[in-house]
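Peer 1: Sequence and predicted model, in that order:
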Amino acid sequence: MQTSETRHSNDDSLLALDLIEAAWCRGKESGVPHELMAYAAVFAGMRDLVAIFGETAAAAMAKNLENRIKQGEFSGDVLPDGNVH
């Protein structure tokens, strides 16, 4: 299985994150609660990952998220490349 990390540059990943965050801001400005934006983003992302990689690979990616969350990878404002957001 080839992940997006191996197929795309760090610049591509940061651009994608910037685009998602811009949409997040538009949602906030429209009064959409953050938890609904988060749920929608996770749903849309998983739907696309399943379409691209299939159910088994997407489930493996989701299973790996538990450890990454517990290790604090998604906490605070530090991006995966170590830069502060």
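Peer 2: Perfect, I can see it now. Numbering: from 1, shown residues only.
Peer 1: May I see the buried residues of the helix or strand where T56 lies?
Peer 2: Assigned by DSSP states H and E, T56 falls within helix 55-70. For helix 55-70, the neighbour count (16 or more other Cβ atoms under 10 Å) marks 58, 61 as buried. For every residue, glycine as well, the C-beta is placed using N, CA and C.
Peer 1: Rounded mean pLDDT for that helix, please.
Peer 2: Taken as a whole, helix 55-70 has a mean pLDDT of 94.
Peer 1: which helices and strands does that helix pack with?
Peer 2: Helices and strands touching helix 55-70, by 3 or more Cβ pairs under 8 Å, 6 or more residues apart in numbering; DSSP states H and E, are helix 34-53.
Peer 1: Show residues contacting the helix it packs on.
Peer 2: Under the contact criterion Cβ atoms under 8 Å, 6 or more residues apart in numbering, helix 34-53 has outside partners 1, 20, 24, 27-28, 57-58, 61-62.
Peer 1: Please compute how far that helix lies from its chain's middle.
Peer 2: Relative to the chain's own centre, helix 34-53 is displaced by 8 Å; criterion: Cα atoms, centre = their mean, to the nearest Å.
Peer 1: mind showing which ranges of the chain have poor pLDDT?
Peer 2: 1-7, 77-85 (pLDDT under 70).
Peer 1: ok, back up a step: so of the contacts of helix 34-53, which two are at opposite extremes in space?
Peer 2: M1 and K28 (34.4 Å; Cβ to Cβ).
Peer 1: what's the offset of stretch 16-34 from the middle of its chain?
Peer 2: 13 Å.
Peer 1: Report the buried residues of that stretch.
Peer 2: The neighbour-count check on stretch 16-34 (16+ other Cβ under 10 Å) flags 24, 27 as buried.
Peer 1: what do you get for stretch 45-56?
Peer 2: For stretch 45-56, by 16+ other Cβ under 10 Å, it's 49-50, 53.
Peer 1: I'd like those as a markdown table, with distance to D11 appended.
Peer 2: Listed next are those as a markdown table, based on distance: Cβ to Cβ, whole Å:
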| residue | distance to D11 |
| --- | --- |
| L49 | 21 |
| V50 | 26 |
| F53 | 22 |
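Peer 1: Return the closest of those with respect to I69.
Peer 2: L49 (16.7 Å).
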